[in-house]
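Asks: model the structure of this input:
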Amino acid sequence: LLNAQPGILNPYRVVPEPALQHFSDEPDPERAYERELALAAATRRRLTLDVLTGLLPWEIQRMAETRIVLLRAVRAVGGRPSAHPGLVITALREDESEHHQHAQVVADFLDEIRERITLLIPERDADPYALKRDDRLTVLTLAGLTLPKDGVGREHWTDAEATAIELVNLAAWLTQHSVYDRPKHLRKGVWIDEAFFLSEVPTGRVLMNRFARDSRKWNVRVLLSSQIPADFLRIEGFVSLLDSVFVGRLDDDSAQADALRLLKVP
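Replies: Below you'll find the predicted structure:
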């Protein structure tokens with residue numbers, strides 16, 4: 001993943017643009033299509049906001065002004081698929097509100113880590129999404145990423161660990177893009193390991209829920225694996241959507257109890 005083309009994890013691109021032909025079985029295809037277009041744009045904005053917030057140092061993240069200036073900048077850029085986070089940094093620089101000084105600080109921090117987030121920002125005239133791909137199999141490996149240890153609070157994550165979490169989240173959305181970018185009837189399969197990290201961020205939980213709800217409609221089999229059963233219990237309503245559960249050996253009493261809840265065994 002770390003050696004992939006710049007811009008491959010652009011949060012505006014990993015959320016697929018709906019196609020009108022996907023709604024031919026709806027009572028009102030055009031209305032359903034317009035609704036999904038608006039939802040895709042809103043999802044891009046939310047995903048970009050979450051990712052850029054997660055990349056900032058914890059002390060900056062938790063300040064109310066940070067959310068305010070980032071939200072304003074993301075709204076200024078909009079939710080079109082051709083956008084990218086570099087435009088959000090520019091919008092922060094152009095903030096003339098009462099929080100303009102804080103916007104400059106946030107922009108400085110994001111500029112400082114540009115080298116670490118090249119996967120989010122495409123090079124000029126070299127957008128990896130310019131050409132449509134039709135790969136039979138895609139494998140995303142996490143070699144080189146430093147993921148935080150289980151039980152360590154967000155305030156204690158290193159910069160490298162915080163970046164890794166956001167890249168894993170975006171990689172999962174990229175996986176979703178490859179599913180929704182293909183015809184509905186085509187058989188598809190997805191396996192996401194370390195699902196724990198998706199359950200840690202709001203947009204990751206949205207993705208897991210969407211996969212579970214849309215698997216039949218889009219003819220896709222989704223496998224999610226984690227060492228911790230509680231990861232799947234954290235997402236409201238998610239367990240009722242599971243069709244099959246496999247559980248390995250667990251020694252901890254609470255982990256065993258969580259696994260039994262997943263298995264629907266008393």
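Asks: from now on I want contacts and neighbour counts done on CA atoms only, so please keep to that.
Replies: Will do.
Asks: tell me which residues touch Trp173, please.
Replies: Contacts for Trp173 (C-alpha atoms under 8 Å, 6 or more residues apart in numbering) come out as 14-15, 207.
Asks: change it to 10 Å
Replies: 9, 11, 13-16, 47, 167, 179, 203-204, 207-208 (C-alpha atoms under 10 Å, 6 or more residues apart in numbering).
Asks: next one: Glu115
Replies: Ile121.
Asks: from Arg35, how far out is it?
Replies: From Glu115 over to Arg35 the distance is 36 Å, taken as C-alpha to C-alpha, to the nearest Å.
Asks: what of Gly54?
Replies: Computed as C-alpha to C-alpha, the Gly54 to Arg35 distance reads 28 Å.
Asks: so which of the contacts of Trp173 is the most crowded?
Replies: Pro11 (31 neighbours; other C-alpha atoms under 10 Å).
Asks: tell me if I'm right that that residue and Ala42 touch.
Replies: No: applying C-alpha atoms under 10 Å, one finds Pro11 not in contact with Ala42, separated by 11.7 Å.
Asks: so what sits against both of the two?
Replies: In contact with both Pro11 and Ala42: 48, 79, using C-alpha under 10 Å, 6+ apart.
Asks: re earlier: Gly54 and Arg35: which is more packed in?
Replies: Gly54 (19 against 12).
Asks: number of residues surrounding Glu166?
Replies: By other C-alpha under 10 Å, 24 other residues sit near Glu166.
Asks: let me redo that: Glu65
Replies: If you count neighbours by other C-alpha under 10 Å, Glu65 ends up with 16.
Asks: do Ala64 as well
Replies: Ala64, neighbours per other C-alpha under 10 Å, totals 9.
Asks: so how far is His185 from it?
Replies: Distance from Ala64 to His185, by C-alpha to C-alpha: 45 Å.
Asks: equivalent analysis for Thr158, please.
Replies: From Thr158 across to His185, the span is 43 Å (C-alpha to C-alpha).
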